[in-house]
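J.: Starting from these lines, generate the structure:
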Amino acid sequence: MNKTEMTKVEGYLRRTFANHNIRLVARPKKTDSAEVYIGEEFLGVLSVDDEDGDRSFNFSMAILDTDLDE
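T.: Model (predicted):
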């Protein structure tokens, strides 16, 4: 995932979720994914899927049961 793609996807997520605090951060040793944050809070991982020549992006977010108690 290059910087241009990260900027486009970041903009898409900000518009879709109406939150300009969403940001993508490149992963140090991975080129096929980025970390997703709101402010300093880690949300999940955005991965690139290049299967069958159709490029798409998959967002994966885990919700811990302890987070539900807050």
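
J.: which residues are in contact with the helix or strand hosting Gly11?
T.: Secondary structure assignment for Gly11, by DSSP states H and E: helix 3-16. Contact with helix 3-16 is made by 1, 19-20, 22-24, 26, 34, 36, 46, 48, 57, 59, as judged by CB atoms under 8 Å, 6 or more residues apart in numbering. To be clear about C-beta, it is placed using only N, CA and C from the backbone, and glycine gets the same treatment.

J.: Give me the distance from that helix to the chain's centre.
T.: Taking CA atoms, centre = their mean, to the nearest Å, one finds helix 3-16 lying 9 Å from the centre of the chain it belongs to.

J.: for stretch 62-70, same thing?
T.: With CA atoms, centre = their mean, you get 19 Å for stretch 62-70.

J.: one step back: quick check on the contacts of helix 3-16: which are buried?
T.: 1, 22-24, 34, 36, 46, 48, 57 (16 or more other CB atoms under 10 Å).

J.: any idea which of these is least confident?
T.: Lowest-confidence member of these: Met1, scoring 85 (pLDDT).

J.: Does that one touch Ser33 like I think?
T.: Yes. With contact defined as CB atoms under 8 Å, Met1 counts as touching Ser33 (6.6 Å).
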